[in-house]
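below is the sequence, then the predicted model.
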Amino acid sequence: MERIVIVAYKPFPGKEAALIALMEAHWEILNRENLVSSRKPTIMQAKNGTVIEVFGWKSNDAIASAHTNPAVQKMWDDYAQVCEYVPIGNVDESTRLFSEFTPLN
């Protein structure tokens, strides 16, 4: 069963463009590895620069297998160079009844 996730990435200073470039390839890499659903991601940005992504993993098994997949591990290493993962609840907009963000895709 598909699992929808919301992920927040806070770029390191001066790394916003590099993060956005990684985001453009993120779903394609996961798709090549047969880990995501056909649902295209929604990518948006909070006022403080945090980039938020909503996408669908194929299943819990797909999520688990990502942790041993070499292509995914490489991608996650690339992300670690440009951002930190933050809980969506730490993004100010998430506390509002209608959370508004700037679309990036």
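Now that the structure is in, tell me what you want to look at.

which positions in the helix or strand where residue 31 lies come out as buried?
Taking DSSP states H and E as the definition, residue 31 sits inside helix 16-32. Neighbour-count burial for helix 16-32 flags 16, 18-20, 22-23, 26-27, 29-30 (criterion: 16 or more other C-beta atoms under 10 Å). Every C-beta, even on glycine, is put in place using the N, C-alpha and C of the backbone.

try stretch 51-69
Those would be 51-53, 55-58, 62, 65-66, 69, for stretch 51-69 by 16+ other C-beta under 10 Å.

tell me, which strand in the chain spans the most residues?
strand 3-11 (DSSP state E).

name every strand pairing with it and say which way it goes.
strand 51-57 (antiparallel), strand 83-86 (antiparallel) (DSSP bridges).

neighbouring contacts of stretch 37-51?
Outside stretch 37-51, the residues that touch it by C-beta atoms under 8 Å, 6 or more residues apart in numbering are 2, 4, 8-11, 16, 19-20, 23, 26-27, 52-58, 83, 86, 91-93, 101-105.

ignore what I typed, I meant stretch 60-75.
The contact list for stretch 60-75 (C-beta under 8 Å, 6+ apart) reads 1, 3, 22, 25-26, 29-30, 32-36, 57.
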